[in-house]
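S.K.: okay, sequence plus prediction incoming.
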Amino acid sequence: MTDASARFARPGPRADDSRAGRLMARLTSRITDRLLGTALAVAACNPPAVLHAPPPVRVLMLGAAAAAWWAAPMVDARPVQTSMRWRTVAARRRTTVLPAAAIAVAAATGPAVWLVVCIAALLLAYLLVTDTWTAGVTAPTGQPRATPALAAAAATAVVLLAAQAPVAGTSYARLPAALAIIATTACLVLALHTRRRPPG
């Protein structure tokens, strides 16, 4: 091949431009989100019980971990009108579907108290990392980041303590549940008020 033909020869595709390279880059992006989401999904499956479960149950936990690894990254995009098909909505709202599914699985598996505390901590960390209101492109500038974190931590602690209170079989069972709902609602109202308030 002469110098002229070599100069005008079309370069071959780079490894990073291949389909496998793009898929690998996508699966390894936002590693913090993926690690927290996967850890949350695995913890919700009650790993100590899964270790002694039949092989199909272990396969299901691995499938849940793989699905969480895919769904965990924050969808950091401005709100646009998209298709209302359930697949499209689930893909766009997957950072909401993932923690909701983890909570449902944890409620069904009945983990120990120490694992419940771990799940609550992982849930709080995951929600704070993937919250588009505080960390996304649409988040208001100049807003303190500590306030939402403290409010979320307080709500998590109140709900966790209310859930573990030994009053299930007494006449006071509804009181802590009502207080937990009131506290969570108050935190949600404060968060929405902060979100809608124009920057000063």
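M.R.: Now that the structure is in, tell me what you want to look at.

S.K.: residue ranges for the helices of the chain, please.
M.R.: Secondary structure of the chain by DSSP state H: the helices cover 3-8, 19-27, 31-44, 47-50, 55-71, 86-92, 94-109, 113-129, 132-135, 146-164, 174-196.

S.K.: and this protein, what are its domain boundaries?
M.R.: As assigned by automatic domain parsing, the chain contains the domains 19-139, 140-200.

S.K.: before we move on, the earlier item: of the helices of the chain, flag the one that's most buried.
M.R.: Among the helices of the chain, ranked by average contacts under mean count of other CB atoms under 10 Å, first place goes to helix 31-44 (a mean of 22). C-betas here are computed from N, CA, C, even on glycine.

S.K.: once you drop chain neighbours, what's closest to Pro111?
M.R.: Asn46 (4.5 Å; CB to CB, 6 or more residues apart in numbering).

S.K.: where does the chain dip in pLDDT?
M.R.: For the chain, the stretches flagged by pLDDT under 70 are 1-17, 22-23, 25-28, 76-84, 86-91, 132-145, 168-169, 191-200.

S.K.: distance check, Ser171 against Val159.
M.R.: 21 Å (CB to CB, to the nearest Å).

S.K.: what of Val75?
M.R.: 25 Å.

S.K.: wait, isn't Ala49 in contact with Ala108?
M.R.: No: here Ala49 lies out of contact with Ala108, judged by CB atoms under 8 Å, at a distance of 11.4 Å.

S.K.: which residues touch the closest residue in space to Pro47 that isn't next to it in sequence?
M.R.: Sequence neighbours aside, Met61 is the residue nearest to Pro47 in space, at 7.4 Å (criterion: CB to CB, 6+ apart). Contact analysis of Met61 by CB atoms under 8 Å, 6 or more residues apart in numbering lists 42, 45, 47, 50.

S.K.: ditto for Ser18
M.R.: Counted by CB under 8 Å, 6+ apart, Ser18 has zero contacts.

S.K.: number the residues from 7 up from this point.
M.R.: Sounds good: first residue 7 from here, last item Ser24.

S.K.: torsion angles phi and psi at the spatially closest residue to Met80 that is not a sequence neighbour?
M.R.: Closest residue to Met80 apart from its sequence neighbours, by CB to CB, 6+ apart: Thr136 at 3.9 Å. Main-chain torsions, Thr136, degrees, to the nearest 10: phi -100, psi 10.

S.K.: nothing else from me, thank you.
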